[in-house]
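[1] fold the following.
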Amino acid sequence: MQAYDQTAKKALGQHFLRDRQAIRRIAAAVPEGVSVIEIGPGPGAITEALLARAGRLTLIEMDDRFAAHWQRRAEEDARLSVIHGDVMRELETAAANIRPDWIAGNLPYNLSGPLTAKLAGLDLPGGMVLMYQREVAERIAAAPGSKVYGGLSVLVRHHYEVRRLLTLPPGAFVPPPRVHSAVILLTPHRRVPPCAYADLQQIVRKGFAHRRKTIANNFRGVLTAGRFEAIGIDPGMRPEQLDYAAWTRIAAELSR
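    Reported below is the predicted structural model:
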């Protein structure tokens, strides 16, 4: 792992986990015998622990060095497969083809927002265990009314319940990042979503475009104050005051 301290690529947002207790807890969140996709395995600290539990493990790795290593490893282990490419391009196709029970990963810091928006739209039977910068994890887990509550807070609740699993200091990684990190556990709530995820994503993007404006102002020319009131939403509320259910009512109203 010390060697990787010198070879981590800043452009790819690489910080490799080395805390053994954290690795065990992340892997233990995934039941034995299931199908798993791991995002960005890198040198494989989490990968080895997952491989000891999973029935089948698929890795999505962009870094040529690590992809080549895991492809050689896959030739020796039929349970392991590798997708060499950009997770932002490969994730949805991989999930549709593989139909994993779980997704795990130490997510690249520079992709965590848009990648989470993609992940939140996947309805998995098992769930996800994902590592973020602590500030991003706090936004994901935030409740309505919080200053950090935002679009990701809403989107992840389309299919999942959210729980913080653990928090890690910079020294748990090689090279150490400048911030603390946190692991989020997403487990399916198994309720039928009241709107399409694509519709919710579009509405949330528009609704949180200007956080200081009221919800009526953010949807000026699209929804009147009267239509907001008709679906049980005070048009004078600000975006961070609306819970998931309110956002889905807006999406449903605009899809009529």
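
[2] going forward, measure contacts and count neighbours with C-alpha atoms only.
    Will do.

[3] give me the mean pLDDT for stretch 193-204.
    For stretch 193-204, mean pLDDT rounds to 96.

[4] between the two ends of stretch 36-46, how far is it?
    12 Å (CA to CA, to the nearest Å).

[5] nope, stretch 96-106 is what I meant
    Terminal residues of stretch 96-106 lie 21 Å apart, using CA to CA.

[6] just the buried residues of that stretch, please?
    In terms of neighbour count (16 or more other CA atoms under 10 Å), stretch 96-106 has its buried residues at Arg99, Pro100, Asp101, Trp102, Ile103, Ala104, Gly105, Asn106.

[7] so what touches that stretch?
    For stretch 96-106, the external contacting residues (CA atoms under 8 Å, 6 or more residues apart in numbering) are 17, 30, 34-41, 46, 124-132.

[8] what mean pLDDT would you report for it?
    For stretch 96-106, the per-residue pLDDT averages 97.

[9] which parts of the stretch 1-150 of the chain are strands?
    Ranges of strands within the stretch 1-150 of the chain are 16-17, 35-39, 56-61, 80-84, 102-106, 127-133, based on DSSP state E, counting those that start in this stretch.

[10] and the shortest one, how far out from the chain middle?
    In this case it means strand 16-17. Put simply, strand 16-17 sits 18 Å off its chain's centre (CA atoms, centre = their mean, to the nearest Å).

[11] mind giving me the packing neighbours of it?
    Using 3 or more CA pairs under 8 Å, 6 or more residues apart in numbering; DSSP states H and E, the elements in contact with strand 16-17 are helix 45-51, strand 173-174.

[12] got a markdown table for those, with distance to Ala74 too?
    Below are those laid out as a markdown table (distance: least, CA to CA, whole Å):
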| stretch | distance to Ala74 |
| --- | --- |
| helix 45-51 | 11 |
| strand 173-174 | 25 |
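
[13] rank the ones you listed by mean pLDDT and give me the bottom one.
    Across the helices and strands packed on strand 16-17, strand 173-174 has the smallest mean pLDDT, namely a mean of 82.

[14] and that one, what does it pack against?
    helix 2-7, strand 16-17.

[15] the shortest one pairs with which strands?
    Looking at strand 16-17 with DSSP bridges, its paired strands and their directions are strand 173-174 (antiparallel).

[16] can you show me the strands along the stretch 151-256 of the chain?
    Under DSSP E, counting those that start in this stretch, the stretch 151-256 of the chain gives strands at 160-168, 173-174, 181-188.

[17] ok, of those, where does mean pLDDT dip lowest?
    strand 173-174 has the lowest average pLDDT among the strands of the stretch 151-256 of the chain, namely a mean of 82.

[18] still on that earlier bit, mean pLDDT lowest for which of the helices and strands packed on strand 173-174?
    Across the helices and strands packed on strand 173-174, helix 2-7 gives the lowest mean pLDDT, at a mean of 45.

[19] kindly provide the distance from the residue most central in space within the chain to Arg238.
    Closest to where the C-alpha atoms of the chain average out (CA atoms, centre = their mean) is Thr116, at 3.4 Å. Applying CA to CA, the value for Thr116 to Arg238 is 23 Å.

[20] rewinding a little: quick one: which of the strands of the stretch 151-256 of the chain is nearest Asp243?
    strand 160-168 (13.6 Å; CA to CA).

[21] buried residues, the closest one. List them.
    Applying 16+ other CA under 10 Å to strand 160-168 flags Tyr160, Val162, Arg164, Leu165, Thr167, Leu168 as buried.

[22] flag every buried residue along stretch 235-255.
    Buried-residue list, stretch 235-255, by 16+ other CA under 10 Å: 235, 238-244, 246-252.

[23] restricted to helices, list the residues you listed.
    Among these, the ones falling in helices (DSSP state H) are Tyr244, Ala246, Trp247, Thr248, Arg249, Ile250, Ala251, Ala252.

[24] show the model's pLDDT score for the first one.
    Spelled out, it's Tyr244. With respect to pLDDT, Tyr244 scores 98.

[25] do the fifth one as well
    You'll see Arg249 listed with a pLDDT of 97.
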